[in-house]
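Engineer: coords please:
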Amino acid sequence: RRAVGEQPSEPYENAVQRDYLEQHGSRSPAQRTDLLAANLADYRALVHRTDSAGLPTLLGRLLDGRRSVVVPDGLPEGWLADTRAELLPDRADDTPYVLDSVDSIVTGCALAIAETGTIVLDGGPGQGRRRVTLIPDHHVCVIQAPDQIVDSLPEAVELLDPVRPLTWISGPSATSDIELDRVEGVHGPRTLEVVLVQEE
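Structural biologist: Predicted structure coming up:
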């Protein structure tokens, strides 16, 4: 208090102006979806497209050869109908060691941001707890396009509940050392596959 002096009891008159652009340009839903796909691919995520009828077959193919997959509460039952991997429920008492032995996780999302190629999970139905999306080496995330896609970060923040456990994902886990050698999978899934579900 001595350092900054007495603070006014009323809100500061010169509050931070927030009249910046909420999005850059105007896009159709198809252009928004294409931009998200391009930015996800730029982050080295693997992007797939299908419709709702083809989703179970595609997920079965993406999980082929995987022994086990975590299934979050609220994930639509039909999504994994063609999957031969062992389906494991998302259990609160699973330790990190147990989750590290799981091959994959399949989730939905709260929304995705086209301009940044970012997926946001908020722990809602079909998204699981944060740790089940950070420990298994392979994450498959299903996005309903274009309904779950927004253009920009400010638009996303307006729609998200700040008291929920938000996880922001921009590509697979990656880090670099001082020589800029990229290493993937250190702090989360090494492989991120994104399925854009869009009806014809």
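Engineer: tell me the secondary structure for the residue nearest the centre of the chain?
Structural biologist: By CA atoms, centre = their mean, the chain has its centre lying nearest to Ile119, at 3.2 Å. At Ile119 the chain is in strand, as set by DSSP: H, G, I helix; E, B strand; the rest coil.
Engineer: and it, what does it touch?
Structural biologist: Cys109, Leu111, Ala112, Ile113, Cys141, Ile143, Trp168, Ile169, Ser170, Val194 (CB atoms under 8 Å, 6 or more residues apart in numbering). Just so you know, the C-beta spots here come from the backbone N, C-alpha and C atoms, and that holds for glycine as well.
Engineer: In a strand, the third one, correct?
Structural biologist: Yes - secondary structure of Ala112 (three-state DSSP): part of a strand.
Engineer: of the contacts of Ile119, closest to Ala3?
Structural biologist: Closest approach to Ala3 among the contacts of Ile119 (CB to CB): Trp168, at 34.2 Å.
Engineer: what about the closest one, how many neighbours?
Structural biologist: Residues near Trp168, counting by other CB atoms under 10 Å, number 13.
Engineer: Let the chain start at 32 from now.
Structural biologist: Sure, I'll start counting at 32 from here, so that last one is Trp199.
Engineer: tell me the mean pLDDT over the longest helix seen in the chain?
Structural biologist: Assignment by DSSP state H gives helix 60-73 as the longest helix of the chain. The pLDDT scores in helix 60-73 average 96.
Engineer: chain center to whichever helix or strand comes after it, what's the gap?
Structural biologist: Scanning forward in sequence from helix 60-73 by DSSP states H and E, the next helix or strand is strand 77-81. In terms of CA atoms, centre = their mean, to the nearest Å, the centre of strand 77-81 is found 14 Å from the chain centre.
Engineer: No further queries at this time; thank you.
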